[in-house]
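**Student:** take this sequence and fold it.
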Amino acid sequence: MQRVLRRAKWWVIAAVLTLGVLGVFLVSTPAHAADHWTDITDAAWQQTYGLSPAQVATVAEGYSDGTFRPTSSAIRAQFAKMALSAFSLRTVTPSSPTFVDVLPSSFYFSFIEGGVAAGIIARADAYRPLDRSTRVEASSIVAAYLVQKEISTNGTINGKTATYASLDAWYRAEGGSVLHYFKDEAALPSADAPATAYLVYHQVIQGTVRSGRLYIDPNATLTRAQAVAFILRSQSVELRAAAATAPKVTALGPVEGLEAGGGEVVIEGSGFRGATSVAFGGASIPHAGFTVDSDSQITVEAVPAGSGTVDVTVTTPLGRSAAGPGDLYVYLATLSDGDKVVAEAVKYVGVPYVWAGDSPYGFDCSGLVMYVFGNLGAVLPHSSLSQSTLGSAVPLDELLPGDLLFFYNPVHHVGIYVGGGNMIDAPGTGAFVRIEKAGRSTLTGARRMFAEPAS
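**Tutor:** Numbers count the residues shown, from 1 in each chain. Okay, the predicted model is just below:
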């Protein structure tokens, strides 16, 4: 019995010591921080909207009961308050209210009047502060702020091909074209089209994808979380001034064409705004023969006839692009199947990325490849992983135009090699089909769908 009691005593002592050590550990270790709001976790903000609670708090505070109510509809008064908070605009309390339904006794009075004073809320008889805020109504407020900011910073609106004194002038010249990829473009009221197009141009509005097509959904209402994300996305827009440097050509697509000329070529680079001429070697193309798509892209409608290897140059009022390795164009007697693939693919440069998209209204990466090869008589699956099992493997140091490049392991991205170390691909959400560098660490292999051409 004495041995049992002694053994029990030592167990008690050991337990006390263990609990003491654990107690010190628990006291010295900080507790897990609580979520900012009780009805949405901090992790959910990051995973769903790519935002931190600190960012969200600069736009909306939430409710006194500790909730944010992220899925509740944002009313027009709330959106006005969110916009003023995010854009650091002053509240205003005039002696006479602007709207018959927003009185000085209203909690939102100073915020709505502040929006009017700042020029981001249009004057009207009524404001309807308790109505749900639609996407197009929210767009008009955000676009008004960004347009004012761009004009005050740069003096003009900086378009793809020129600069403009007003939003309407930009929309008439360039802006209307950015809405053509949306299936419900006709549902957008004409008075709201310039503001919506401006936000699409700056990728604040990226559209909703359904069945491989993009939709604006102008009359859909915003939830509180969507309203916050929409405003914060607008804050990240870079309103750059027009380039003031000589043009530079960095890539072509395709890099080969027939000696007889013809065929479209996309030129990538910088400083293209205001381009007056494009030349293939000594053969110049008048302004009517090319389109300045943006400061970084020109589309040549038909290549002039020529022979051998020539430099492609661009001339603007600021000078002529210098010759370099990225501007070389090769004239051939005949085109290979791979050259034909590239010639077909460049037709879709500038088409927006749409998940599961497989038409010129929107492509994802494998949808672009499937569509291009389909137009040339080859049936490919709509899957980059499945496409990576077709054709024949090609060493990465033996690539030819038209070869397919695959990325990641397992494969979940594909591009079409155009030559010169570049490819055409549909990169991802918010981007457009474009020519970009092919060499990157995630490149895992290449396949050739057609037989290699004879030397």
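
**Student:** and Ile424, that's in a strand?
**Tutor:** Yes - going by DSSP: H, G, I helix; E, B strand; the rest coil, the assignment for Ile424 places it inside a strand.

**Student:** next, count neighbours for Val136.
**Tutor:** Using other C-beta atoms under 10 Å as the criterion, Val136 is surrounded by 21 other residues. (Glycine included, C-beta is placed from N, CA and C.)

**Student:** could you measure it against Phe280, distance?
**Tutor:** Noted for Val136: a distance of 45 Å to Phe280, by C-beta to C-beta, to the nearest Å.

**Student:** quick one: low-confidence ranges for this structure?
**Tutor:** For the chain, residues meeting the criterion pLDDT under 70 lie at 1-33, 243, 451-455.

**Student:** make it 80
**Tutor:** Low-confidence segments of the chain, defined by pLDDT under 80, are located at 1-33, 161, 240-244, 451-455.

**Student:** mind splitting it into its structural domains?
**Tutor:** When the chain is parsed with automatic domain parsing, its domains come out as 71-235, 248-334, 346-448.

**Student:** what's the spacing between stretch 86-106 and its chain's center?
**Tutor:** 35 Å (C-alpha atoms, centre = their mean, to the nearest Å).

**Student:** swap that for stretch 234-251, sorry
**Tutor:** Its chain's average C-alpha position is 15 Å from that of stretch 234-251, according to C-alpha atoms, centre = their mean.

**Student:** quick check: end-to-end length of it?
**Tutor:** The first residue of stretch 234-251 is 31 Å away from its last residue (C-alpha to C-alpha, to the nearest Å).

**Student:** what's the closest of the domains of the chain to Val59?
**Tutor:** Of all the domains of the chain, the one in closest proximity to Val59, counting by C-beta to C-beta, is domain 71-235 (4.6 Å).

**Student:** before we move on, the earlier item: okay, the domains of the chain in TSV with distance to Asp39 next?
**Tutor:** What follows is the domains of the chain, written out as TSV (distance: least, C-beta to C-beta, whole Å):
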stretch	distance to Asp39
domain 71-235	9
domain 248-334	43
domain 346-448	27
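
**Student:** skipping adjacent residues, who's closest to Gly402 in space?
**Tutor:** The shortest distance from Gly402 to any residue other than its chain neighbours is 2.4 Å, reached at Gly338 (C-beta to C-beta, 6 or more residues apart in numbering).

**Student:** what does Ala197 give?
**Tutor:** Excluding the flanking residues, the one nearest Ala197 by C-beta to C-beta, 6+ apart is Gly175, at 4.0 Å.

**Student:** for that neighbour, list the residues it contacts.
**Tutor:** Gly175 sits next to Gly159, Leu167, Ala193, Pro194, Ala197, Tyr198, Tyr201 when contact means C-beta atoms under 8 Å, 6 or more residues apart in numbering.

**Student:** tell me which helix or strand the residue nearest to Gly402 sits in.
**Tutor:** Under the assignment given by DSSP states H and E, the secondary-structure element containing Gly338 is helix 337-345.

**Student:** immediately after that helix, which helix or strand?
**Tutor:** In the C-terminal direction, the helix or strand that comes right after helix 337-345 (DSSP H and E) is strand 358-359.

**Student:** for that next one, which outside residues touch it?
**Tutor:** Under the criterion C-beta under 8 Å, 6+ apart, residues Gly212, Arg213, Asp364, Gly367, Met370, Tyr371, His382 lie in contact with strand 358-359.

**Student:** distance check, His412 against Gly357.
**Tutor:** Summarising the geometry, the distance separating His412 from Gly357, computed by C-beta to C-beta, is 16 Å.

**Student:** list the helices and strands the host helix or strand of Ile435 packs on?
**Tutor:** Mapping Ile435 onto the secondary structure by DSSP H and E places it in strand 434-437. Taking 3 or more C-beta pairs under 8 Å, 6 or more residues apart in numbering; DSSP states H and E as the contact definition, the neighbouring helices and strands of strand 434-437 are strand 248-253, strand 265-270, strand 422-425.

**Student:** pull out the buried residues from it.
**Tutor:** Judged by neighbour count (16 or more other C-beta atoms under 10 Å), strand 434-437 contains these buried residues: Arg434, Ile435, Glu436.

**Student:** surely the first one meets Ile424?
**Tutor:** Yes - the pair formed by Arg434 and Ile424 meets the contact definition of C-beta atoms under 8 Å, at 7.2 Å.

**Student:** one step back: wait, the residue nearest to Gly402 touches Phe450, no?
**Tutor:** Yes - between Gly338 and Phe450 a contact is recorded at 6.3 Å, counting by C-beta under 8 Å.

**Student:** hey, what's in contact with both of those two?
**Tutor:** Contacts common to Gly338 and Phe450, judged by C-beta under 8 Å, 6+ apart, are Gly402.

**Student:** the more surrounded of these two?
**Tutor:** Just comparing Gly338 and Phe450: by other C-beta under 10 Å the higher neighbour count belongs to Gly338, 25 against 18.

**Student:** any idea how far Arg434 is from that one?
**Tutor:** Taking C-beta to C-beta as the measure, Gly338 falls 19 Å from Arg434.

**Student:** cool, Phe373 as well?
**Tutor:** When C-beta to C-beta is the yardstick, Phe373 and Arg434 sit 19 Å from each other.

**Student:** over to Ile141?
**Tutor:** Here the criterion is C-beta to C-beta. By it, Ile141 lies 31 Å from Arg434.

**Student:** what's around Tyr371, how many residues?
**Tutor:** Per other C-beta under 10 Å, the neighbour tally for Tyr371 reads 20.

**Student:** quick one: terminal-to-terminal distance for stretch 358-367?
**Tutor:** With C-alpha to C-alpha applied, stretch 358-367 spans 4 Å between its terminal residues.
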